[in-house]
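> Structure for the following, please:
(2 chains)
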Amino acid sequence: QKEVEQDPGPLSVPEGAIVSLNCTYSNSAFQYFMWYRQYSRKGPELLMYTYSSGNKEDGRFTAQVDKSSKYISLFIRDSQPSDSATYLCAMSTYNFNKFYFGSGTKLNVKP
Amino acid sequence: GAGVSQSPSNKVTEKGKDVELRCDPISGHTALYWYRQSLGQGLEFLIYFQGNSAPDKSGLPSDRFSAERTGGSVSTLTIQRTQQEDSAVYLCASSPPDEDEQYFGPGTRLTVT
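Below is the predicted model:
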(Lines give C-alpha, C1' and ligand atoms only; values in the text may rest on other atoms or scores of the structure.)
Protein backbone atom coordinates (compact mmCIF):
# COMPACT_ATOMS: atom_id res chain seq x y z
CA GLN A 1 0.00 0.00 0.00
CA LYS A 2 1.28 3.44 -0.93
CA GLU A 3 1.77 5.98 1.84
CA VAL A 4 -0.37 8.49 -0.06
CA GLU A 5 -3.16 7.69 -2.50
CA GLN A 6 -4.51 10.17 -5.02
CA ASP A 7 -6.92 9.69 -7.90
CA PRO A 8 -4.95 10.44 -11.08
CA GLY A 9 -7.95 11.73 -13.02
CA PRO A 10 -8.04 13.31 -15.49
CA LEU A 11 -10.75 15.58 -14.19
CA SER A 12 -12.47 17.81 -16.71
CA VAL A 13 -14.80 20.62 -15.58
CA PRO A 14 -16.38 23.70 -17.16
CA GLU A 15 -15.08 27.14 -16.29
CA GLY A 16 -16.67 28.45 -13.07
CA ALA A 17 -17.19 25.00 -11.53
CA ILE A 18 -16.15 24.05 -8.02
CA VAL A 19 -13.37 21.47 -8.11
CA SER A 20 -12.68 18.95 -5.35
CA LEU A 21 -9.35 17.13 -5.23
CA ASN A 22 -8.62 14.50 -2.60
CA CYS A 23 -5.90 12.37 -1.06
CA THR A 24 -5.90 9.65 1.54
CA TYR A 25 -2.95 8.52 3.59
CA SER A 26 -2.05 5.68 5.90
CA ASN A 27 0.67 7.08 8.18
CA SER A 28 -0.80 8.71 11.29
CA ALA A 29 2.60 10.37 11.94
CA PHE A 30 2.05 12.83 9.10
CA GLN A 31 1.73 16.29 10.58
CA TYR A 32 2.08 18.64 7.64
CA PHE A 33 -0.02 18.66 4.52
CA MET A 34 0.63 20.49 1.30
CA TRP A 35 -0.89 20.96 -2.13
CA TYR A 36 1.31 21.67 -5.14
CA ARG A 37 0.35 22.73 -8.64
CA GLN A 38 2.47 21.55 -11.55
CA TYR A 39 2.12 22.90 -15.05
CA SER A 40 3.35 20.80 -17.94
CA ARG A 41 7.16 20.56 -18.09
CA LYS A 42 7.57 22.73 -14.98
CA GLY A 43 8.51 21.99 -11.39
CA PRO A 44 5.75 21.88 -8.75
CA GLU A 45 4.86 25.10 -6.93
CA LEU A 46 3.37 25.24 -3.45
CA LEU A 47 -0.28 26.30 -3.31
CA MET A 48 -1.43 25.57 0.21
CA TYR A 49 0.14 24.34 3.42
CA THR A 50 -1.50 23.31 6.68
CA TYR A 51 -0.59 21.38 9.80
CA SER A 52 -3.88 21.02 11.60
CA SER A 53 -7.26 19.52 11.04
CA GLY A 54 -9.87 21.90 9.67
CA ASN A 55 -10.02 24.34 6.79
CA LYS A 56 -7.57 26.89 5.47
CA GLU A 57 -8.64 29.37 2.84
CA ASP A 58 -6.56 31.41 0.39
CA GLY A 59 -8.50 33.24 -2.28
CA ARG A 60 -10.31 30.71 -4.45
CA PHE A 61 -8.50 27.80 -2.79
CA THR A 62 -9.51 25.96 0.39
CA ALA A 63 -7.47 23.16 1.92
CA GLN A 64 -9.22 20.76 4.27
CA VAL A 65 -7.61 18.20 6.55
CA ASP A 66 -9.37 15.44 8.48
CA LYS A 67 -6.72 13.64 10.50
CA SER A 68 -9.19 11.24 12.07
CA SER A 69 -10.11 9.93 8.62
CA LYS A 70 -6.61 10.43 7.16
CA TYR A 71 -8.13 12.42 4.33
CA ILE A 72 -7.24 15.78 2.81
CA SER A 73 -8.96 17.86 0.17
CA LEU A 74 -8.33 20.91 -1.98
CA PHE A 75 -11.32 22.89 -3.23
CA ILE A 76 -11.06 25.38 -6.07
CA ARG A 77 -13.95 27.82 -6.42
CA ASP A 78 -14.82 29.59 -9.68
CA SER A 79 -12.30 27.48 -11.57
CA GLN A 80 -10.48 29.12 -14.47
CA PRO A 81 -8.78 27.67 -17.56
CA SER A 82 -5.49 28.86 -16.03
CA ASP A 83 -6.10 26.36 -13.19
CA SER A 84 -5.58 23.53 -15.68
CA ALA A 85 -2.58 21.66 -14.30
CA THR A 86 -1.66 18.60 -12.28
CA TYR A 87 -2.32 18.95 -8.55
CA LEU A 88 -0.13 16.98 -6.15
CA CYS A 89 -0.76 16.45 -2.48
CA ALA A 90 2.23 16.00 -0.21
CA MET A 91 2.76 15.25 3.45
CA SER A 92 5.53 15.09 5.96
CA THR A 93 6.25 14.10 9.52
CA TYR A 94 7.48 16.66 12.06
CA ASN A 95 11.11 16.63 10.95
CA PHE A 96 10.61 17.44 7.24
CA ASN A 97 13.42 15.20 6.10
CA LYS A 98 11.13 13.34 3.74
CA PHE A 99 8.03 14.36 1.86
CA TYR A 100 5.55 11.85 0.51
CA PHE A 101 3.71 12.86 -2.63
CA GLY A 102 0.53 11.60 -4.21
CA SER A 103 0.64 10.64 -7.87
CA GLY A 104 -1.15 13.85 -8.88
CA THR A 105 -4.59 14.63 -10.35
CA LYS A 106 -4.66 16.18 -13.79
CA LEU A 107 -7.29 18.93 -13.99
CA ASN A 108 -8.63 20.46 -17.18
CA VAL A 109 -10.90 23.50 -16.92
CA LYS A 110 -12.72 24.08 -20.18
CA PRO A 111 -13.56 27.65 -21.22
CA GLY B 1 15.66 36.62 -7.48
CA ALA B 2 16.99 33.52 -9.13
CA GLY B 3 15.17 30.29 -8.44
CA VAL B 4 16.46 26.74 -8.34
CA SER B 5 18.21 25.88 -11.57
CA GLN B 6 18.94 22.46 -12.98
CA SER B 7 21.08 21.33 -15.86
CA PRO B 8 20.84 19.93 -18.38
CA SER B 9 17.15 20.44 -19.05
CA ASN B 10 17.11 17.34 -21.25
CA LYS B 11 19.51 14.42 -21.43
CA VAL B 12 19.40 11.46 -23.78
CA THR B 13 21.88 8.70 -23.04
CA GLU B 14 22.53 5.14 -24.07
CA LYS B 15 21.87 2.28 -21.72
CA GLY B 16 24.94 1.51 -19.65
CA LYS B 17 26.39 5.03 -19.71
CA ASP B 18 26.84 7.19 -16.61
CA VAL B 19 25.06 10.55 -16.28
CA GLU B 20 25.46 13.54 -13.97
CA LEU B 21 22.60 15.89 -13.20
CA ARG B 22 23.26 19.24 -11.57
CA CYS B 23 21.19 21.35 -9.18
CA ASP B 24 21.91 24.93 -8.12
CA PRO B 25 19.70 25.74 -5.12
CA ILE B 26 18.56 29.20 -4.13
CA SER B 27 21.35 31.06 -2.35
CA GLY B 28 21.10 30.68 1.41
CA HIS B 29 18.87 27.61 1.30
CA THR B 30 20.23 24.94 3.61
CA ALA B 31 18.02 22.00 2.67
CA LEU B 32 18.18 20.30 -0.73
CA TYR B 33 16.05 17.43 -2.03
CA TRP B 34 16.18 15.23 -5.11
CA TYR B 35 13.06 13.55 -6.46
CA ARG B 36 12.26 11.38 -9.45
CA GLN B 37 8.98 11.75 -11.35
CA SER B 38 8.07 9.02 -13.80
CA LEU B 39 5.28 9.44 -16.35
CA GLY B 40 1.92 9.50 -14.56
CA GLN B 41 3.55 9.02 -11.18
CA GLY B 42 4.01 11.25 -8.19
CA LEU B 43 7.32 12.44 -6.93
CA GLU B 44 9.55 9.71 -5.55
CA PHE B 45 11.91 10.94 -2.83
CA LEU B 46 15.56 10.10 -3.54
CA ILE B 47 17.86 11.97 -1.15
CA TYR B 48 17.86 14.90 1.30
CA PHE B 49 20.73 17.17 2.35
CA GLN B 50 20.46 19.48 5.37
CA GLY B 51 23.40 21.79 6.00
CA ASN B 52 26.53 19.87 6.88
CA SER B 53 24.68 16.84 8.26
CA ALA B 54 24.99 13.41 6.73
CA PRO B 55 22.43 13.10 3.91
CA ASP B 56 19.34 10.95 4.15
CA LYS B 57 19.89 8.48 1.31
CA SER B 58 17.00 6.23 2.17
CA GLY B 59 15.15 6.90 -1.09
CA LEU B 60 17.94 6.00 -3.52
CA PRO B 61 16.62 3.02 -5.54
CA SER B 62 19.93 1.23 -6.02
CA ASP B 63 23.67 1.61 -5.51
CA ARG B 64 23.93 2.93 -9.07
CA PHE B 65 22.54 6.20 -7.71
CA SER B 66 24.65 8.62 -5.68
CA ALA B 67 24.57 12.32 -4.87
CA GLU B 68 26.94 14.89 -3.52
CA ARG B 69 26.52 18.41 -2.29
CA THR B 70 29.66 20.52 -2.36
CA GLY B 71 30.17 23.43 0.01
CA GLY B 72 26.57 23.25 1.12
CA SER B 73 25.39 24.59 -2.22
CA VAL B 74 25.51 22.87 -5.63
CA SER B 75 24.45 19.24 -5.78
CA THR B 76 25.15 16.56 -8.36
CA LEU B 77 23.08 13.40 -8.79
CA THR B 78 25.02 10.64 -10.55
CA ILE B 79 23.46 7.57 -12.11
CA GLN B 80 25.93 4.87 -13.13
CA ARG B 81 25.28 2.23 -15.78
CA THR B 82 21.92 3.75 -16.69
CA GLN B 83 18.97 1.48 -17.39
CA GLN B 84 15.82 2.22 -19.38
CA GLU B 85 13.75 2.27 -16.19
CA ASP B 86 15.84 5.26 -15.05
CA SER B 87 14.07 7.37 -17.69
CA ALA B 88 12.15 10.05 -15.78
CA VAL B 89 12.18 13.71 -14.81
CA TYR B 90 14.60 14.37 -11.98
CA LEU B 91 13.54 17.30 -9.81
CA CYS B 92 15.57 19.21 -7.29
CA ALA B 93 14.11 21.40 -4.54
CA SER B 94 15.61 23.59 -1.84
CA SER B 95 14.29 25.12 1.38
CA PRO B 96 15.51 28.05 3.48
CA PRO B 97 16.49 27.58 7.12
CA ASP B 98 13.57 27.06 9.48
CA GLU B 99 11.02 26.98 6.68
CA ASP B 100 9.14 24.06 5.29
CA GLU B 101 8.33 25.26 1.80
CA GLN B 102 10.26 23.57 -0.97
CA TYR B 103 11.14 25.56 -4.07
CA PHE B 104 11.43 23.30 -7.07
CA GLY B 105 13.61 23.60 -10.11
CA PRO B 106 12.29 22.88 -13.63
CA GLY B 107 13.73 19.38 -13.65
CA THR B 108 16.01 17.38 -15.93
CA ARG B 109 14.24 15.05 -18.34
CA LEU B 110 16.38 11.92 -18.68
CA THR B 111 15.78 9.46 -21.49
CA VAL B 112 17.76 6.22 -21.57
CA THR B 113 17.68 4.53 -24.98
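> Name the residue of chain B that lies nearest to chain A.
residue B:104 (3.2 Å; CB to the nearest CB). Heads up, the C-betas are built off the backbone N, CA and C, glycines and all.
> In contact with that residue, which residues?
By CB atoms under 8 Å, 6 or more residues apart in numbering or on different chains, the contact set of residue B:104 is A:43-45, B:4, B:91-93.
> Mind doing that once more with 10 Å?
Taking CB atoms under 10 Å, 6 or more residues apart in numbering or on different chains, we find residue B:104 in contact with A:36, A:38, A:42-46, B:3-4, B:6, B:33, B:35, B:43, B:91-94.
> Would you mark the buried spots in stretch B:15-29?
Neighbour-count burial for stretch B:15-29, with 16 or more other CB atoms under 10 Å in any protein chain shown as criterion, is recorded at B:19, B:21, B:23-26, B:29.
> possible to save those as JSON lines with secondary structure?
Converted to JSON lines, those look like this (DSSP: H, G, I helix; E, B strand; the rest coil):
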{"residue": "B:19", "secondary structure": "strand"}
{"residue": "B:21", "secondary structure": "strand"}
{"residue": "B:23", "secondary structure": "strand"}
{"residue": "B:24", "secondary structure": "strand"}
{"residue": "B:25", "secondary structure": "coil"}
{"residue": "B:26", "secondary structure": "coil"}
{"residue": "B:29", "secondary structure": "coil"}
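> does the spatially most central residue of chain B have beta-bridge partners, and which?
By CA atoms, centre = their mean, chain B has its centre lying nearest to residue B:34, at 3.4 Å. Under DSSP bridges, the beta-bridge partners of residue B:34 are residue B:47, residue B:92.
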